Structure formats: structure tokens, C-alpha cells
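Peer 1: Here's a sequence, model it:
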Amino acid sequence: MAYFVKLWLLLLLGTLSIPYAHAASYQPLSSIQDAAQAFVMQHASGGRIEVSVGALDTRLKLPVCAETLNAFLPPGGRVGGMSSVGIRCQKPKPWSLYVPVNVKIFTPVMTASRPMMAGNRITPNDLQTIEMDIASLPAGYFSAPEQVLNQLVKRSVSAGTVFSPGLVEAAPLVRRGEQVILLAETQGIQIRSTGKALMDGTAGAVIQVRNSSSQRIVEGVVTSAGIVKIIM
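Peer 2: Numbering: from 1, shown residues only. Got it, this is the predicted structure:
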């Protein structure tokens, strides 16, 4: 009787040990997901980060890695939006796979606080800051008020519209038809005269101006509001 009890215990222990050894021979899927998330958190930048790691096929059976899992971006990959992170192991048996991830990077974004018409100049009252996922803004964005203040909107916008580089343009410092000051420098001497702008001009733009005295048309660089430096 004691023999059969002992045999039964051995069989029971042997039965219990088989699944344990079987499980220990495979890399835990959670460790692969953790490696992907840690990689994203290390390489993502720009604001508050949220990472969702996709599920892996539970039928996946990979040998336990004898070294630290190596995470990498696939060719052309990026840290942001819907993407994937590669995970690989070299020892004892090489394997690799891609883990789907959804990376959200939240940062303050400049948006319109109220409706604006095309050509309106952006003032502090027109701005509101909203934290948004920049991966959802393929047209770009501005993160600071000084980047958009005094610029003009190219088209009508509604409240909440994100100001993107393609939506705004620099306001002219010189308007066609207005009187401007012409500056000319020669041998360290600065000469001032007046003229009439023949076109609009933003900072750094080259425009034509008719000199009020000589009536000659000259070219100059817009340096500030109403100031044009003649190109010698």
C-alpha cells in the first residue's frame, strides 16, 4: 500500500512539473511587451507620453532569451502614432518580432480662441493653448504664442482650429502704395530719403520702391515697419 502511495505521489509531482518546465522554456510575452514600452518611453519626446502596446499572439513560442532583449525601430519607423517596435534576441537561439504600439505625445498647441476671417492679424486675444496629441497633427503646429502672434491667417477659421505653418503667413511690414524711408549706406555714411512702395513686403523681402526725389525705381530689403534698405 505504501508503495502505491509513493508511486502515486511521484506521478503527481511529475505531472505537475511538466507544465512548469514547458512554460519556463519560452520567453514570457509580457517581457517582450515591456521591452517595447520601455524603448518608446526612452526615445519619445515633446510632451506627456502615453503608450499602448498591442497584444501578441498567445500561440507564440519563443526560446527564453539569455541576454537583455534588444529593442529597435524598423526601417523608416518613428516614435509616434500607430507604429511598431522590433524586439530581438541573439542567444541561445536568434529570434525577432515586431510589437504594435500606439504612441501619443501630448504637448501644448496654439489654437484659435474664436472665429477669424482670412487676412486677420493674430493677437493675444485670438489664442488659446490646448494640449493635443501631435501625432494627430500631420500639417504641423505651433507650441508658443510668439510663433504666431502678429501673423495673418490665410483663410477663415473657426474656434478651436489648430494654427499650422500652412495656415498663417507673416504680416507685411510695408504695404504697396505707402510711403517708406529709404536707407542707403556708402563708406560708412548713412543716407536717408523717402519713397513709395510698389509692392507689399515682409521682413527680409526684396521690394521695389520709387524714390520720391529722383523718381527712380530702386530695390531694397524690408528691415522693419516702413523701413527699406537700398541694395547697393
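
Peer 1: Tell me which residue is most central in this protein.
Peer 2: residue 134 (5.5 Å; C-alpha atoms, centre = their mean).

Peer 1: Surely that residue and residue 108 touch.
Peer 2: No. The pair residue 134 / residue 108 is not scored as a contact, 10.0 Å apart, by C-beta atoms under 8 Å. Using the backbone N, CA and C atoms, a C-beta is placed for each residue, glycine as well.

Peer 1: hey, what's in contact with both of these two?
Peer 2: Residues touching both residue 134 and residue 108 (C-beta atoms under 8 Å, 6 or more residues apart in numbering): residue 47.

Peer 1: how far away is the residue lying closest to residue 60 once chain neighbours are set aside from residue 79?
Peer 2: The shortest distance from residue 60 to any non-neighbouring residue, by C-beta to C-beta, 6 or more residues apart in numbering, is to residue 29 (6.4 Å). According to C-beta to C-beta, to the nearest Å, residue 29 and residue 79 sit 22 Å apart.

Peer 1: higher neighbour count, those two?
Peer 2: Set side by side, residue 29 and residue 79 show more neighbours around residue 79, with 21 against 16, by other C-beta atoms under 10 Å.

Peer 1: Does the more buried one touch residue 104 like I think?
Peer 2: No. Contact criterion C-beta under 8 Å: residue 79 and residue 104 do not qualify, at 11.1 Å.

Peer 1: So which residues of this protein form strands?
Peer 2: 48-53, 70-72, 81-89, 95-112, 127-133, 152-153, 168-169, 179-186, 189-197, 206-211, 217-224, 227-230 (DSSP state E).

Peer 1: any idea of the mean pLDDT for the third one?
Peer 2: Read it as strand 81-89. Averaging pLDDT along strand 81-89 gives 94.

Peer 1: and if you look at the first one?
Peer 2: Mean pLDDT, strand 48-53: 93.

Peer 1: Which other helices and strands does that strand contact?
Peer 2: Where contact means 3 or more C-beta pairs under 8 Å, 6 or more residues apart in numbering; DSSP states H and E, strand 48-53 is packed against helix 29-43, strand 95-112.

Peer 1: Can you verify my assumption that residue 229 contacts residue 221?
Peer 2: Yes. Here residue 229 reaches residue 221: they are 5.0 Å apart, a contact under C-beta under 8 Å.

Peer 1: what do those two both touch?
Peer 2: In contact with both residue 229 and residue 221: no residue, using C-beta under 8 Å, 6+ apart.

Peer 1: Give the full set of residues in contact with the residue lying closest to residue 191 once chain neighbours are set aside.
Peer 2: Among residues not flanking residue 191 along the chain, residue 184 sits closest, at 4.6 Å (C-beta to C-beta, 6+ apart). For residue 184, the contact set (C-beta under 8 Å, 6+ apart) comprises 190-193, 229-230, 232.

Peer 1: again with residue 199
Peer 2: 176, 207-208.

Peer 1: Export stretch 157-173 to PDB, keeping only CA atoms.
Peer 2: What follows is the C-alpha trace of stretch 157-173 in PDB, where atoms were taken according to Å, rounded to 0.1, in the frame of the first residue of the first chain:
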ATOM      1  CA  VAL A 157     -11.000  79.600 -39.300                       C
ATOM      2  CA  SER A 158     -13.400  78.500 -36.500                       C
ATOM      3  CA  ALA A 159     -12.800  78.500 -32.800                       C
ATOM      4  CA  GLY A 160     -10.500  75.600 -31.800                       C
ATOM      5  CA  THR A 161      -8.700  75.400 -35.200                       C
ATOM      6  CA  VAL A 162      -5.000  74.500 -34.800                       C
ATOM      7  CA  PHE A 163      -2.700  77.100 -36.200                       C
ATOM      8  CA  SER A 164      -0.300  75.300 -38.600                       C
ATOM      9  CA  PRO A 165       2.600  76.700 -40.700                       C
ATOM     10  CA  GLY A 166       0.400  76.400 -43.800                       C
ATOM     11  CA  LEU A 167      -2.400  78.300 -42.300                       C
ATOM     12  CA  VAL A 168      -0.600  81.500 -41.400                       C
ATOM     13  CA  GLU A 169       1.800  83.900 -43.100                       C
ATOM     14  CA  ALA A 170       3.900  86.800 -42.000                       C
ATOM     15  CA  ALA A 171       2.200  90.200 -42.000                       C
ATOM     16  CA  PRO A 172       3.700  92.700 -44.400                       C
ATOM     17  CA  LEU A 173       5.800  95.400 -42.800                       C
END
